[in-house]
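structure for this input, please:
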Amino acid sequence: MNGTTNQPTVPRTWLITGATSGIGRELTLQALENGDAVSAIARDTAPLEDLVEAHGDRLLLVRADVRDEQSVRTAVERTLTRFGRIDVVANNAGYGLFGAVEEASDAQARAVFDTNVFGVLNVLRATLPVLRSQRSGHVLQGSSVYGQSAHPGVGLLAATKYAVEGLSDALAAEVAPLGIKVTLVQPGMTATPFLSNLDVAAGLDDYDPTVREVQKGIGELPPSAFSAAARIAEGIRTAVDSPNPPLRLALGTAGATGMRTALEARIADLDGWNRVTDAVDR
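Reported below is the predicted structural model:
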């Protein structure tokens, strides 16, 4: 069974971006409670100071912005100075942009890509040399249900997650011979500050029947529709503990159902238009 766990005998060192809230904070807390060391990276680490007294030298708080490549490199250097190695890189920092594709301004679109895609690349460029030299490590790429599907209002957010999924498909094959594992983490709707921190594009009336209706529907979802961040973190840790972790890890039934529906629709298009597809080769 691919999900079989294999608990390590030596504590791991985690480097976690976006560590101050939601899934990032839960990963930080659970790793520490498991006896691991954590380098917790965020633009403001004050929300994690309550954990320092309980976990001492096993927790390193580093202020860094994933959008700033040198800032990330300095964070990695500090991590190595304290712990000597990095075993798990949780590329978790990110935020959402809600609005129709046309509604999002150029500045909004570039900003969300700057964090969600170029920030991911900054972390990879800073950490992969360490993992390559060790010939070991596990990279957790923060994707979501929107890495495989999209609906009105999330086009720009999905675009960033699709980008991360595409580069991670290639990355996984590139680093596998070097002893490095890659897992795309795909949670569905999660009870975190993510929705309250959404950037929202200025609205156009023509998109009220689609985008605004979706926005209204999300706002009316009951608490039961959102997975607990702690359970998401538990699922991630199960994959990290596995000797054969998946390339893609769906977390939450609703999100997995949505992704399956999207994938089946793609296959239906392939099959339904195969005559036109095959005619190109004649």
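
where's Gly153, which helix or strand?
Using DSSP states H and E, Gly153 falls within no helix or strand.

quick one: secondary structure of Leu184?
strand (DSSP: H, G, I helix; E, B strand; the rest coil).

identify the bridge partners of it.
As for beta bridges, Leu184 partners with Gln141, Arg248 under DSSP bridges.

identify the residue spatially nearest to Asp169, adjacent ones excluded.
Leaving aside its chain neighbours, Asp169 sits nearest to Leu247 (7.6 Å; criterion: C-beta to C-beta, 6 or more residues apart in numbering). The way it works is simple: take the backbone N, C-alpha and C, and place the C-beta from them, glycine included.

could you list the low-pLDDT ranges of the chain?
For the chain, the stretches flagged by pLDDT under 70 are 1-9, 192-196.

what ranges does it have for its strands?
Taking DSSP state E as the test, the strands found in the chain are 13-17, 37-42, 59-63, 88-91, 97-98, 137-142, 180-187, 190-191, 199-200, 227-228, 248-251.

among these, which is nearest Gly155?
Closest to Gly155 of the strands of the chain is strand 97-98 (C-beta to C-beta; 8.8 Å).

what's the local residue count around Ile41?
Look at Ile41: counted by other C-beta atoms under 10 Å, it has 31 neighbours.

scratch that, Arg110 is what I was asking about
So Arg110, with other C-beta under 10 Å, has 11 neighbours.

if I pick Tyr95, what's in contact with it?
Shown in contact with Tyr95 (C-beta atoms under 8 Å, 6 or more residues apart in numbering): Val112, Thr115, Asn116, Phe194, Asn197, Leu198, Asp199.

narrow the residues you listed to those in helices?
Val112 (DSSP state H).

ok, and the closest non-adjacent residue to Val76?
Ala126 (4.5 Å).

can I assume the one you found is in contact with Glu69?
Yes - applying C-beta atoms under 8 Å as the test, Ala126 and Glu69 come out as touching, 7.4 Å apart.

got the phi/psi numbers for the residue nearest to Asp169?
Main-chain dihedrals, Leu247, degrees, to the nearest 10: phi -70, psi -40.
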